[in-house]
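Q: missing the sequence, but the structure's below:
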């Protein structure tokens with residue numbers, strides 16, 4: 001478990017309090033019913049920008065706080081607990097791509113806007129149903145980018161795209177040559193297919209930058225998964241303590257205690273590897289790719305276990321749309337596949353270690 005400094009503790013507690021009071025799961029339920037074109041609550045996103053969370057990984061000289069990825073992960077984790085629909089997990093890595101990129105003009109133009117929450121930036125990487133950086137057909141000729149990207153998170157509202165091409169990473173602003181089509185996913189969040197047809201592009205870096213940014217995006221997703229797993233476990237544990245069957249609380253049945261104990265130990269392991277990967281980013285460790293794959297494999301398996309146990313241990317009510325369990329299950333399925341599932345990352349980890 002990561003050792004937090006005073007600023008990080010304050011940031012985490014602030015995010016937790018705001019999420020519980022201003023963005024509970026009931027807010028997501030209302031958002032799902034309203035189905036705004038952006039896929040998120042613009043007012044809540046404005047508040048996130050005002051609190052400075054959108055600029056946590058943006059350099060100070062461009063309007064951010066440069067608190068690092070552990071701090072960003074702490075915020076995303078708290079939002080994940082309540083399934084808060086926010087572009088934060090997308091804009092953070094996209095901002096890092098610009099900050100690490102070679103174009104100083106792009107940094108000055110876009111990073112202050114991202115830090116203020118004025119622009120939603122999205123990563124447009126995958127071109128098929130499975131994550132695979134070795135199969136990128138998107139190309140750039142004469143500064144014009146052409147390609148097709150699938151399942152772009154926050155693609156409905158993004159005003160700026162960080163696009164992976166065969167020869168590296170490019171920055172494309174919404175405008176001529178950019179069209180998008182909404183993908184309706186199980187989690188009721190923003191996902192879009194985006195077509196680039198001769199869109200003006202600025203190169204940020206080569207394939208090594210693409211890999212670095214995807215690793216960061218993967219860890220941020222893991223942080224959201226950690227928050228979801230924590231909330232699903234806590235709600236299930238509370239239910240077993242209050243639900244009475246055969247004259248006694250369900251929590252007194254040994255078989256259910258064993259299942260909860262397994263989830264608790266897996267959750268603690270998940271926290272350790274996810275926070276370890278976030279710390280590895282901030283420390284610039286050379287084994288970042290390995291820690292990322294370890295975190296995503298463990299996070300995918302653990303959230304899958306806990307979200308499904310949440311539904312089953314709640315019994316019949318857990319199967320209904322009126323209960324929140326289904327929201328966690330559906331979001332879990334989407335995040336498990338994003339940036340590579342557990343099998344993908346186990347294989348990658350083995351390959352990186354020459355197994």
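A: Thanks, I have it. Here the structure is a predicted model, which is why all the values come from computation and not from measurement.
Q: so where's the protein uncertain?
A: Within the chain, no stretch falls below the threshold (pLDDT under 70).
Q: now the strands for it?
A: Per DSSP state E, the chain carries strands over the ranges 121-124, 139-141, 144-153, 160-165, 168-173, 178-182, 191-200, 202-205, 244-245, 248-249.
Q: Can you list the buried residues in the second one?
A: Within strand 139-141, the residues that qualify as buried are residue 140, counting by 16 or more other Cβ atoms under 10 Å. Placement of C-beta: from N, CA and C, glycine included.
Q: List the strands paired with it, with their directions.
A: Paired with strand 139-141 in the same sheet, following DSSP bridges, are strand 144-153 (antiparallel).
Q: Which one of the strands of the chain lies nearest to residue 86?
A: Ranking those by proximity to residue 86 (Cβ to Cβ) places strand 144-153 first, at 11.0 Å.
Q: just the strands of the chain: most buried one?
A: Looking across the strands of the chain with neighbours counted as mean count of other Cβ atoms under 10 Å, the highest average goes to strand 121-124: a mean of 28.
Q: Which other helices and strands does that one contact?
A: Using 3 or more Cβ pairs under 8 Å, 6 or more residues apart in numbering; DSSP states H and E as the contact criterion, the secondary-structure elements in contact with strand 121-124 are helix 88-100, strand 144-153, strand 160-165, helix 207-242.
Q: Between these, which one is closest to residue 201.
A: Proximity of those to residue 201 was assessed by Cβ to Cβ; the nearest stretch is strand 144-153, lying at 3.9 Å.
Q: Would you confirm that residue 163 contacts residue 147?
A: Yes - the pair residue 163 and residue 147 passes the contact test of Cβ atoms under 8 Å, sitting 7.2 Å apart.
Q: shared neighbours, these two?
A: For the pair residue 163 and residue 147, residues contacting each of them under the criterion Cβ atoms under 8 Å, 6 or more residues apart in numbering are 138, 196.
Q: Tabulate the strands of the chain (a markdown table), appending distance to residue 285.
A: As requested, the strands of the chain are exported to a markdown table (distance: least, Cβ to Cβ, whole Å):
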| stretch | distance to residue 285 |
| --- | --- |
| strand 121-124 | 22 |
| strand 139-141 | 31 |
| strand 144-153 | 26 |
| strand 160-165 | 23 |
| strand 168-173 | 21 |
| strand 178-182 | 36 |
| strand 191-200 | 31 |
| strand 202-205 | 20 |
| strand 244-245 | 49 |
| strand 248-249 | 45 |
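Q: Relative to residue 350, which of these is closest?
A: strand 160-165 (24.0 Å).
Q: now the angle from that closest one to strand 191-200?
A: Interaxial angle, strand 160-165 versus strand 191-200 (axes from the mean of the first three to the mean of the last three Cα atoms, to 10 degrees): 80 degrees.
Q: Give the other helices and strands that strand 160-165 contacts.
A: With contacts defined as 3+ Cβ pairs under 8 Å, 6+ apart, the packing partners of strand 160-165 are helix 88-100, strand 121-124, strand 144-153, strand 168-173, strand 191-200, helix 207-242.
Q: How about the contacts made by residue 140?
A: When the contact criterion is Cβ under 8 Å, 6+ apart, the partners of residue 140 are 146, 165, 167, 170, 201, 203.
Q: meant to ask about residue 272, not that
A: Residue 272 makes contact with residue 1 under the criterion Cβ under 8 Å, 6+ apart.
Q: Distance check, it against residue 37.
A: Distance from residue 272 to residue 37, counting by Cβ to Cβ, to the nearest Å: 39 Å.
Q: Could you give the number of residues near residue 49?
A: Applying other Cβ atoms under 10 Å, we find 20 other residues in the vicinity of residue 49.
Q: Can you tell me how far it is from residue 235?
A: 29 Å.
Q: same question, residue 257
A: Using Cβ to Cβ, we find residue 257 at a distance of 17 Å from residue 235.
Q: Neighbour count: those two, which is higher?
A: Looking at residue 257 and residue 235 with other Cβ under 10 Å, you find the greater number of neighbours at residue 235, namely 19 against 13.
Q: Please name the nearest non-neighbouring residue to that one.
A: If the residues on either side of it in the chain are set aside, residue 235 comes closest to residue 310, at 6.8 Å by Cβ to Cβ, 6 or more residues apart in numbering.
Q: quick one, what contacts the one you found?
A: By Cβ under 8 Å, 6+ apart, residue 310 lies in contact with 232-233, 235-236, 318, 325, 328-329.
Q: got the residue ranges for the helices in the stretch 1-150 of the chain?
A: Across the stretch 1-150 of the chain, reading from the start of the chain, the helices by DSSP state H, counting those that start in this stretch fall at 6-22, 25-34, 42-50, 69-81, 88-100, 104-115.
Q: by how many degrees do the fifth one and strand 144-153 diverge?
A: Following the same axes, to 10 degrees, one obtains 150 degrees for the angle between helix 88-100 and strand 144-153.
Q: what's the answer for the second one, then?
A: An angle of 120 degrees separates the directions of helix 25-34 and strand 144-153 when computed by the same axes, to 10 degrees.
Q: Would you mark the buried spots in helix 25-34?
A: Along helix 25-34, the positions that meet the burial threshold by neighbour count (16+ other Cβ under 10 Å) are 25, 27-29, 31.
Q: Look up phi and psi at residue 4.
A: Dihedral angles of residue 4 (phi, psi; degrees, to the nearest 10) stand at phi -90, psi 140.
Q: residues contacting the residue lying closest to it once chain neighbours are set aside?
A: Residue nearest to residue 4 in three dimensions, not counting chain neighbours: residue 12, with 7.0 Å by Cβ to Cβ, 6+ apart. Residues counted as contacts of residue 12 (Cβ under 8 Å, 6+ apart) are 4, 74-75, 77-78.
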